[in-house]
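Colleague: quick one, fold the following:
(one chain, ligands or ions: 1)
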Amino acid sequence: MANETLSTLLKQYEQKKSRAEIAADERKMDLYKKVPELQGIEDKINSVSISVTKHILTSPESNAGDTLKNFNHTMDALKAQKEQIFKKFDIPADYLEPHYECPICKDTGFIKRADYTSEMCNCLKQKLLNISFNKSNMSALSKENFNNFNANFFSDQADPAKYRFNISPRENIMNIKNRCLEFIENFDDPSAKNLLFTGNTGLR
Ligand SMILES: [Zn+2]
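Modeller: Purely as a prediction, here's the structure:
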């Protein structure tokens, strides 16, 4: 069941990740249509990257350092041109980045550690917790709590024949309520006794 929940969540993560990336691609295509200079810079970045890779693969190792230096220099210049255009048109620097719901794990649900292992991101942990919280009926606590407790639903007339108590149902429920509050108050006291509710099926 837990595995099923996790795989459903991971499918949702995959979908929102690809939605964010498709949206970023669409923003890019739109922007490059409006500002063709950006497309020119992108083309140059791509061709410089390809030629430098080819060069490093085919040249003697001793030249690789210089090639990389030149490459970094060219790339910096191209990036600076790109930034200038962004500024000129008042475009936020991260405009073409995918807008992930969780920027920490980029909507993958996992974070890669420096040692190449990965750990579950807090966003995914929280989603799993929310699901088990909802399943446990605990989510009703926001409505069903002692602040909303209304003793007036219980009769203040004692009826020993019906309830086998000499006190009224209202007095009885107030006693129960006070015992519960006492229990909560002393929850961290190891000598405090547990509470046990018994009754017919459906008792909540
Ligand atoms: Zn995350």
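Colleague: need the contact partners of the helix or strand of the chain with the lowest mean pLDDT.
Modeller: When each helix and strand of the chain is scored by mean pLDDT, DSSP states H and E, helix 160-163 comes last, with a mean of 85. Identification of contacts with helix 160-163 by C-beta atoms under 8 Å, 6 or more residues apart in numbering yields 166, 169, 172. Quick note: C-beta positions are derived from backbone N, CA and C, even for glycine.
Colleague: tell me the residues of this protein that contact the ion?
Modeller: Counting by C-beta under 5 Å from the ion, the residues of the chain close to the ion are 102, 104-105, 121, 123.
Colleague: how about a cut-off of 8 Å?
Modeller: 101-109, 111, 121-124 (C-beta under 8 Å from the ion).
Colleague: circling back to that earlier point, take the contacts of helix 160-163 and keep only those in helices.
Modeller: Among the contacts of helix 160-163, DSSP state H puts 169, 172 in helices.
Colleague: among the contacts of helix 160-163, which one has the most neighbours?
Modeller: Comparing these by number of neighbours (other C-beta atoms under 10 Å), Pro169 comes first, having 18 neighbours.
Colleague: how about it, nearest residue that isn't a chain neighbour?
Modeller: Phe154 (4.2 Å; C-beta to C-beta, 6 or more residues apart in numbering).
Colleague: number of residues surrounding that neighbour?
Modeller: So Phe154, with other C-beta under 10 Å, has 14 neighbours.
Colleague: per-residue pLDDT of the residue most central in space within the chain, please?
Modeller: Note on the chain: the residue nearest the mean C-alpha position is Cys123, at 2.5 Å, using C-alpha atoms, centre = their mean. On pLDDT, Cys123 comes in at 96.
Colleague: now do the one 4 residues further on
Modeller: According to the prediction, Lys127 has pLDDT 94.
Colleague: ok, back up a step: buried ones among the residues of the chain next to the ion?
Modeller: Neighbour counting by 16 or more other C-beta atoms under 10 Å classes 102, 105-109, 111, 121, 123-124 among these as buried.
Colleague: can you spell out the domain ranges of this structure, please?
Modeller: In the domain annotation for the chain, the residue ranges read 2-118, 145-204 (automatic domain parsing).
Colleague: same list, those, but as JSON lines with distance to Asn137 please.
Modeller: Listed next are those as JSON lines, based on distance: least, C-beta to C-beta, whole Å:
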{"stretch": "domain 2-118", "distance to Asn137": "17"}
{"stretch": "domain 145-204", "distance to Asn137": "8"}
